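Visitor: the following comprises the amino acid sequence and a computationally predicted model.
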Amino acid sequence: MERKTVIGFLTVLLIILIFGVYLSISRDSLRSTKTPGSVKLDVPYISQSGLGCSEASTAMVLKYYGYDASQKLVKEEIGEFFEELLPGLKEYLPKSHYASTVVHTY
């Protein structure tokens, strides 16, 4: 065989081997991240706009619990910074006719 053919064959074989190892590691890491007895929650996804990860994630949790929430509403009614969210929720939830909801800060 020509030297170029052997090098090409070995290169393809090396790529296949590396890809196989990658797939094996990926599957093992996916299995190990599942905690026994864990439950996957059906939390609605809200795509964050701008740098609003705090508002978007808060809106997702509020929607999960039945509130009509959006990133814009969270920013306007509750606050746009992480430090404002818990105190803001304590004020917003009773105003929004969910008076029985209690938010604990620790």
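Guide: Good, I have the coordinates.

Visitor: residue 78: neighbouring residues, count only.
Guide: Residue crowding around residue 78 was assessed by other Cβ atoms under 10 Å; the count is 23. To be clear about C-beta, it is placed using only N, CA and C from the backbone, and glycine gets the same treatment.

Visitor: what comes up buried for stretch 57-67?
Guide: For stretch 57-67, burial by neighbour count (16 or more other Cβ atoms under 10 Å) applies to 57, 58, 59, 60, 61, 62, 63, 67.

Visitor: among those residues, which ones are in helices?
Guide: Taking DSSP state H, the ones among the buried residues of stretch 57-67 that sit in helices are 57, 58, 59, 60, 61, 62, 63.

Visitor: in JSON lines: those residues, plus pLDDT and distance to residue 40.
Guide: Converted to JSON lines, those look like this (pLDDT from 0 to 100; distance: Cβ to Cβ, whole Å):
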{"residue": "57", "pLDDT": "84", "distance to residue 40": "17"}
{"residue": "58", "pLDDT": "83", "distance to residue 40": "20"}
{"residue": "59", "pLDDT": "86", "distance to residue 40": "20"}
{"residue": "60", "pLDDT": "89", "distance to residue 40": "14"}
{"residue": "61", "pLDDT": "86", "distance to residue 40": "15"}
{"residue": "62", "pLDDT": "86", "distance to residue 40": "19"}
{"residue": "63", "pLDDT": "88", "distance to residue 40": "16"}
